[in-house]
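Trainee: Next comes the sequence, and after it the predicted model I'd like to discuss.
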2 protein chains.
Amino acid sequence: MVTVNRNYLKLQGSYLFSNIAGKVNAYQEVNPENKIIRLGIGDVTQPLAPSIIEALHKAVEEMAHAETFHGYAPDLGYEFLRNTIAENDYRERGCEIMPDEIFISDGAKSDSGNIQEIFGTDNKVAVCDPVYPVYVDTNVMAGRSGEYNTSRENFDGMIYMPCREENGFLPEFPKEIPDLIYLCFPNNPTGSAITKEQLQRWVDYANKNGSVIIYDAAYEAYISRKEVPHSIYECKGAQTCAIELRSFSKNAGFTGVRLGFTVVPKALERDGVSLHSLWARRHGTKFNGAPYIVQRAGEAVYSPQGKAELKDQIAYYMRNAGVIREGLKAAGYSVSGGVDAPYIWMKTPQSMSSWEFFDYLLEKANVVGTPGSGFGAQGEGYFRLTAFGTYENTLEAIDRIGKL
Amino acid sequence: MVTVNRNYLKLQGSYLFSNIAGKVNAYQEVNPENKIIRLGIGDVTQPLAPSIIEALHKAVEEMAHAETFHGYAPDLGYEFLRNTIAENDYRERGCEIMPDEIFISDGAKSDSGNIQEIFGTDNKVAVCDPVYPVYVDTNVMAGRSGEYNTSRENFDGMIYMPCREENGFLPEFPKEIPDLIYLCFPNNPTGSAITKEQLQRWVDYANKNGSVIIYDAAYEAYISRKEVPHSIYECKGAQTCAIELRSFSKNAGFTGVRLGFTVVPKALERDGVSLHSLWARRHGTKFNGAPYIVQRAGEAVYSPQGKAELKDQIAYYMRNAGVIREGLKAAGYSVSGGVDAPYIWMKTPQSMSSWEFFDYLLEKANVVGTPGSGFGAQGEGYFRLTAFGTYENTLEAIDRIGKL
């Protein structure tokens, strides 16, 4: 008798962004003439930078000739990319991360979903609330939760750390000590950032309690303040308690190119086992490397020309963030985020629910955002806008919202 | 207390091909002047076909301009590719598979490793022996096996179906009825093929017993005989019992490009649940689409020019297969495979073990193959050679072996 993984049946509805797409499509069908501006999903709109395009063309050309053709990639990723990452993202910031502690992947979504596999199903998982849904859903799918609790609107057996205005959108140590702690800073969805000093407290907490922090730093390129760390390994002792997830999607516009990496330090052991060796085994058994041409594109991100072009691209999006943040403030909304992150987190007006405000914005301003409640119960009453639109669309969207 | 997934600790040593690479590197270091010919790992050597290169360049150029830039791909994959696959791989062969039953991925290795996730951990798994290690290892990692049994050299709690000379390298129905049945035809590693009539018996068996067949058809492009089916959906009733895995690695040389797909028919239900909806959820939660440029390259595989070029590429490799098969026969070896598959499966001479023969070939002929025992206990005494080398290297390798 075949049985299915019944943990999947605990999941609620379908994935957040599919729901949004459904609503937008339905509205657009009835109102085909209205120009909808999407500031909802965290997808970028700027084309790939010239140096990346050049690297891609060059790598494609290599694939056309037997002498320069590349077949299966090394399990961990090509050395040229791992070396560049170790140098630029870590050594230059004073973090001692070696190239062979870096695992190249097809993106941070895959890694953030797959990383839980190397842990036992009996681990207690803590997440921020609101939270990127993938952390929660993949742990539910693996059986690390109870049923969905309809009154609390979250899963039994998981630890939720509320991040609301009252605590500056930063999690507090939970009453029950968690085993796995997911932290994402700069944060999706709230756009909040954590200072090095604040993060150091989490590192100390994890080392003291034997917990493991899964640190998602996908948005580090948007950090503007000096006191905000780009990597958790800037904190002392992080190498014995933290795994870091990184993405090329937001710093280089690779949402449709697919590239990311995960750092698992060799010093990180739990349960008498090296987590590095477990992840290496997972990576080598269930994944066959990111495409050669994509890894070459990733390398170009770190070239002098690439860095300069991408600095401009980040500045472009952060100008949008400023437009949204200041525009909404001027219109009387309560907003946060948008300083070290491409996300602006706003309170819905007049006690509207997140989805009520979604419908309201869609219908009255033809602007699509993301309902805060889609990221967790504590996101209710909040709404996320992203800085990834074009400048022109962002101006127009905020103008429309201001006139409501 | 963090616990790790202790199922990982049941796995034996590291992944087969890493072991081989280690031995080869060690030999090459001591004998830097010797020219080693690799006919071991199933990696291709011919460059990408011109029509694919053209599609890649074109798609890269699209990514350079805001109007044609592509961000996140649709969860299931782009419609242009799913439609083309449905038309060419299925409708043209009389199989009623709809585009929305096709899930585009980053390759068949990922899919063959991940597909088990949608099933309960209590399912009884049957695999051929010898077998592609990923099917076994990923089920061990998920907890569907007992410990490794050192006397039998396989895992307790799994069903192994011996495929040896005596049964024409085809599995027989096992004594105990399995829940999940992994079949790969044309077969890796034995190079054997299954006729439509023979496969129909497995489909009937699965439907009768409520089992699910996970059918890996990664090598279908190499089929030369008419009676051998390219898809399991050529068999009646397969849509209610079979999931099919497909790859672009071997029919189009995408080992370093990374593209594959999985077919889960909507008619396939077990345990009261649609397997299609479970896989859609898995795909949407833990994966973020194959790169746009790679999906365009996949589309080019089905263009008239692409088909013509790839037919030549397959013919090139199958000429190698003929060289190996006939050359080894002439040298007195017992060989099979290489007719509908790029793999040649040979018996080791003089009762040598598979690894003894590996060392012998590496040292005496500087030829690298894959020890049959690396694919399972029943592969002991066999050895795999692949047709993916260059023609010149293949000729030389067989010449060297013939002279031993």
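Mentor: Yep, it's here.
Trainee: Could you use CA atoms for every contact and neighbour count after this?
Mentor: Will do.
Trainee: mind listing what the spatially most central residue of chain A touches?
Mentor: Centroid-nearest residue in chain A, with Cα atoms, centre = their mean: residue A:218, separated by 4.8 Å. With contact set as Cα atoms under 8 Å, 6 or more residues apart in numbering or on different chains, residue A:218 has these partners: A:108, A:184-186, A:245-250.
Trainee: can you redo those as TSV with pLDDT, secondary structure and distance to residue A:377?
Mentor: TSV is the format used below for those (pLDDT from 0 to 100; DSSP: H, G, I helix; E, B strand; the rest coil; distance: Cα to Cα, whole Å):
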residue	pLDDT	secondary structure	distance to residue A:377
A:108	97	helix	24
A:184	98	strand	18
A:185	98	coil	20
A:186	98	coil	20
A:245	98	strand	25
A:246	98	strand	26
A:247	98	strand	27
A:248	98	coil	29
A:249	97	coil	27
A:250	95	coil	26
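Trainee: check contacts around residue A:40.
Mentor: A:368-370, A:384-386.
Trainee: Check residue A:156 too.
Mentor: Residue A:156 touches A:145-149, counting by Cα under 8 Å, 6+ apart.
Trainee: Likewise for residue A:352?
Mentor: residue A:381.
Trainee: ok, residue A:107 to residue B:289 distance?
Mentor: Shown here: residue A:107 relative to residue B:289, a distance of 10 Å by Cα to Cα, to the nearest Å.
Trainee: one step back: which among the contacts of residue A:40 count as buried?
Mentor: A:368-370, A:384-386 (16 or more other Cα atoms under 10 Å in any protein chain shown).
Trainee: Verify the contact between residue A:102 and residue A:276 for me.
Mentor: No - with contact defined as Cα atoms under 8 Å, residue A:102 does not reach residue A:276; the gap is 9.6 Å.
Trainee: which residues do those two both contact?
Mentor: residue A:264.
Trainee: Settle it for me: which of the two has more neighbours?
Mentor: Neighbours per residue, other Cα atoms under 10 Å in any protein chain shown: of residue A:102 and residue A:276, the larger number sits with residue A:102, 25 against 22.
Trainee: give me the beta-bridge partners of that one?
Mentor: residue A:263 (DSSP bridges).
Trainee: ok, back up a step: mutual contacts of residue A:107 and residue B:289, please.
Mentor: residue A:258.
Trainee: so who does the residue in the stretch 251-400 of chain A that chain B sits nearest to touch?
Mentor: Of all residues in the stretch 251-400 of chain A, residue A:256 sits closest to chain B, at 4.2 Å by Cα to the nearest Cα. By Cα under 8 Å, 6+ apart, the residues touching residue A:256 are A:249, B:70-73, B:289-292.
Trainee: just checking, residue A:252 touches residue A:309?
Mentor: No - at 9.2 Å, residue A:252 does not count as touching residue A:309 under the criterion of Cα under 8 Å.
Trainee: what do those two both touch?
Mentor: residue A:49.
Trainee: Which one of those two is surrounded by more residues?
Mentor: residue A:252 (28 against 19).
Trainee: Would you enumerate the residues in contact with the more buried one?
Mentor: A:48-49, A:301, A:310, A:313.
Trainee: Which parts of chain A belong to which domain?
Mentor: Domain ranges of chain A: A:6-47+A:305-402, A:70-303, per automatic domain parsing.
Trainee: mind checking which of the ones you listed is nearest residue B:375?
Mentor: Judged by Cα to Cα, the one of those that comes nearest to residue B:375 is domain A:70-303, at 14.0 Å.
Trainee: what's the span of that closest one, first residue to last?
Mentor: 22 Å.
Trainee: roughly how far is it from the heart of the chain?
Mentor: 9 Å (Cα atoms, centre = their mean, to the nearest Å).
Trainee: Also stretch A:345-364?
Mentor: That offset, for stretch A:345-364, works out to 23 Å (Cα atoms, centre = their mean).
Trainee: In that stretch, which residues are buried?
Mentor: Per 16+ other Cα under 10 Å, stretch A:345-364 contains these buried residues: A:345-348, A:353-355, A:357-363.
Trainee: How about stretch A:266-283?
Mentor: Neighbour-count burial for stretch A:266-283 [16+ other Cα under 10 Å]: A:266-270, A:274-283.
Trainee: Same question for stretch A:156-172.
Mentor: Applying 16+ other Cα under 10 Å to stretch A:156-172 flags A:156-164, A:169-171 as buried.
Trainee: In helices only, show me those residues.
Mentor: Judged by DSSP state H, the buried residues of stretch A:156-172 include no members of helices.
Trainee: Please convert the residues you listed to TSV, extending it with distance to residue A:212.
Mentor: Compiled in TSV, the buried residues of stretch A:156-172 are given as follows (distance: Cα to Cα, whole Å):
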residue	distance to residue A:212
A:156	21
A:157	18
A:158	15
A:159	14
A:160	16
A:161	16
A:162	19
A:163	20
A:164	24
A:169	21
A:170	18
A:171	16
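Trainee: Looking at those residues, which has the smallest pLDDT value?
Mentor: Minimum pLDDT for the buried residues of stretch A:156-172 is recorded at residue A:164 (94).
Trainee: close enough to count as contact, it and residue A:378?
Mentor: Yes - using Cα under 8 Å, residue A:164 is in contact with residue A:378, at 7.2 Å.
Trainee: ok, back up a step: so which of the buried residues of stretch A:345-364 are in helices?
Mentor: A:354-355, A:357-363.
Trainee: between these, which is nearest residue A:3?
Mentor: residue A:355 (35.8 Å).
Trainee: give the contact list for that closest one.
Mentor: A:371, A:373.
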